Structure formats: C-alpha cells, structure tokens
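In: Here you go, sequence then predicted model.
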Amino acid sequence: MTTRQPKVHTQLGRAAVQNFAARIFLANDRINQILIEHLDPAAWGTRPPTAKPPGKNPGKNNARTIAAIFTHMHNVRCKWVRLTAPHLKVPPQLNRAHCTPQQARAGLAESAARCAEMLAEALGGCGGRVEKFRRDG
C-alpha cells in the first residue's frame, strides 16, 4: 500500500513565486537600463547598416533603431498594464522619433515597476485585482 503525500500550497510558497516573478521582471529592466546607460549616444537613433531606407520595400529588412526598440518595449508594457490592470497608473507612452535615452530610461523604469506590481497582484492569489493577462484589446 502506498501513501500519497498531501499537496501543500502555502502562503509562503505563493509569496515566493510572486516575489520571484516581480524580481525577474525588475532584473530585466536593470539590464535594459545598463544597456542604454552605456550605449554610444550616436548609436541611439541610427538605423543598422543592413536596413533598407524608410519606405523602400516595406516589411523586408525594415530594422528599427535602438530608440524605436526601447520605446516599443515601453509602449507595449503600457498597453499590457492598461488592458490587464486598469486600476494601476499607466505610464505615458514614448514617441520613438523624439525619445531621448534619458526619457527611455525613465519610461522603462516606470513601466517595469507597473508590470512588476501587476505580476505580483496576479500571482499573489486571493485579493489581487488581476484575474487574467490581456495583451490585446
């Protein structure tokens, strides 16, 4: 006869998962902050040399600038927070054509903090206002 071990779901276990997910998200943001901080300012708005000129052959090797990549990341996070956790303050979106590295760093820090809050609520179990992640409207 075998005895089954009871499944144990503790608040400590739930809190650990919640804390771990938020910490991973914030660690990722710290890496982004370091990348921007150490980036040559001349590279910020420069298109990769292999990119086609804007308007030429759309969809084919239409590479984004570094500024466009980071602003897109921030803006997607803002949309994720707005749709999934509308009770949280949604950071303002960034304009990829005019965003400076300093504005991107500030925006990314804010959107990362809101996403970490959202994850903590969603994974915290009882009492959280986030029931389901929505990435599109």
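Out: Right, received. Where do you want to start? All of these numbers come straight from a predicted model, not from anything done at the bench.
In: quick one: Ile31 and Asn19, what's the gap?
Out: With distances taken as C-beta to C-beta, to the nearest Å, Ile31 is found 19 Å from Asn19. Glycine gets a C-beta too; all of them are placed from N, C-alpha and C.
In: cool, and Ala68?
Out: From Ala68 over to Asn19 the distance is 33 Å, taken as C-beta to C-beta.
In: which other helices and strands contact the biggest helix by length in the chain?
Out: Using DSSP state H to define each element, the chain has its longest helix at helix 11-38. Contact partners of helix 11-38 among helices and strands, from 3 or more C-beta pairs under 8 Å, 6 or more residues apart in numbering; DSSP states H and E: helix 66-84, helix 101-123.
In: how about a cut-off of 7 Å?
Out: When contacts are defined as 3 or more C-beta pairs under 7 Å, 6 or more residues apart in numbering; DSSP states H and E, helix 11-38 sits against helix 101-123.
In: For the helix it packs on, name the packing helices and strands.
Out: Counting contacts by 3+ C-beta pairs under 7 Å, 6+ apart, the secondary-structure elements packed against helix 101-123 are helix 11-38, helix 66-84.
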